[in-house]
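Asker: Sequence below, structure please.
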Amino acid sequence: MQQNPQSSLRRRFFRLAALSAALAGFAATAFAHGSRHGRGPMDPAAMDERLDRMLKHLYVEIDATEAQKQKLDPIVKQAAAELRPLRAKAQEARRRGVELFSADTLDRGAIERARVEQIGVADESSKRFTQALADVAEALTPAQRRTLAARFARRGHGRGHFYG
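Answerer: Next up is the predicted model:
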């Protein structure tokens, strides 16, 4: 059976979109939420406190040097600050999508615009998170990166995380 090239491209697009959305969700959860499951925004001071705790654990796990700590702190905190408003945009887009879906009259054009907006926010979040991830990776040794990769693999296994 011959596969339709357009169908294959469409599937790849939706896989990429799903991956971007998962990545954006992870980034937002890791950097901008108050609870373990991402319910409710966290004020900036509490976010910094949570990030400090997260980084302290990370530093112990990878045996980070003082120089690495000085490099990593601003990378992670700046990424968190930039990802936070993207989460709000994503929540608003989802709210709008539910509104459109439950309306008495179906507006396919508005649904498509909402989809495009959601993909845009996911892409923007994914780009920023990936930039931060690369910046963090540059500050680490190959052995430290392998340690973190193994940790991500253990923690994400079976939970549907992008890194699992």
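Asker: quick check: longest helix of this structure.
Answerer: helix 66-102 (DSSP state H).
Asker: Can you report the mean pLDDT over the residues of that one?
Answerer: Per-residue pLDDT over helix 66-102 has a mean of 90.
Asker: Tell me which helix or strand comes right after it.
Answerer: Per DSSP states H and E, helix 66-102 leads on to helix 108-139 as the next helix or strand towards the C-terminus.
Asker: and that next one, which residues are buried?
Answerer: 114, 117-119, 121-126, 128-129, 132-133, 135-136, 139 (16 or more other C-beta atoms under 10 Å). Every C-beta, even on glycine, is put in place using the N, C-alpha and C of the backbone.
Asker: Which helix or strand in the chain has the lowest average pLDDT?
Answerer: Ranked by mean pLDDT, DSSP states H and E, the weakest helix or strand in the chain is helix 5-32, scoring a mean of 50.
Asker: Alpha carbons of the helix or strand just after it, in PDB - could you do that?
Answerer: Remark: after helix 5-32, the chain's next helix or strand is helix 44-62, criterion DSSP H and E. Output of helix 44-62 as PDB, limited to C-alpha atoms (Å, rounded to 0.1, in the frame of the first residue of the first chain):
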ATOM      1  CA  PRO A  44       7.700  35.800  41.300                       C
ATOM      2  CA  ALA A  45       9.300  35.600  44.800                       C
ATOM      3  CA  ALA A  46       7.900  32.100  45.400                       C
ATOM      4  CA  MET A  47       9.000  31.100  41.900                       C
ATOM      5  CA  ASP A  48      12.500  32.200  42.700                       C
ATOM      6  CA  GLU A  49      12.400  30.300  46.000                       C
ATOM      7  CA  ARG A  50      11.300  27.100  44.200                       C
ATOM      8  CA  LEU A  51      13.900  27.500  41.500                       C
ATOM      9  CA  ASP A  52      16.600  28.000  44.200                       C
ATOM     10  CA  ARG A  53      15.500  24.700  45.800                       C
ATOM     11  CA  MET A  54      15.400  22.900  42.500                       C
ATOM     12  CA  LEU A  55      18.900  24.200  41.600                       C
ATOM     13  CA  LYS A  56      20.400  23.200  44.900                       C
ATOM     14  CA  HIS A  57      19.200  19.700  44.300                       C
ATOM     15  CA  LEU A  58      20.600  19.800  40.800                       C
ATOM     16  CA  TYR A  59      23.900  21.100  41.900                       C
ATOM     17  CA  VAL A  60      24.400  18.300  44.400                       C
ATOM     18  CA  GLU A  61      23.300  15.600  41.900                       C
ATOM     19  CA  ILE A  62      25.800  16.800  39.200                       C
END
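Asker: If anything else comes up later, I'll come back, but that's it for now.
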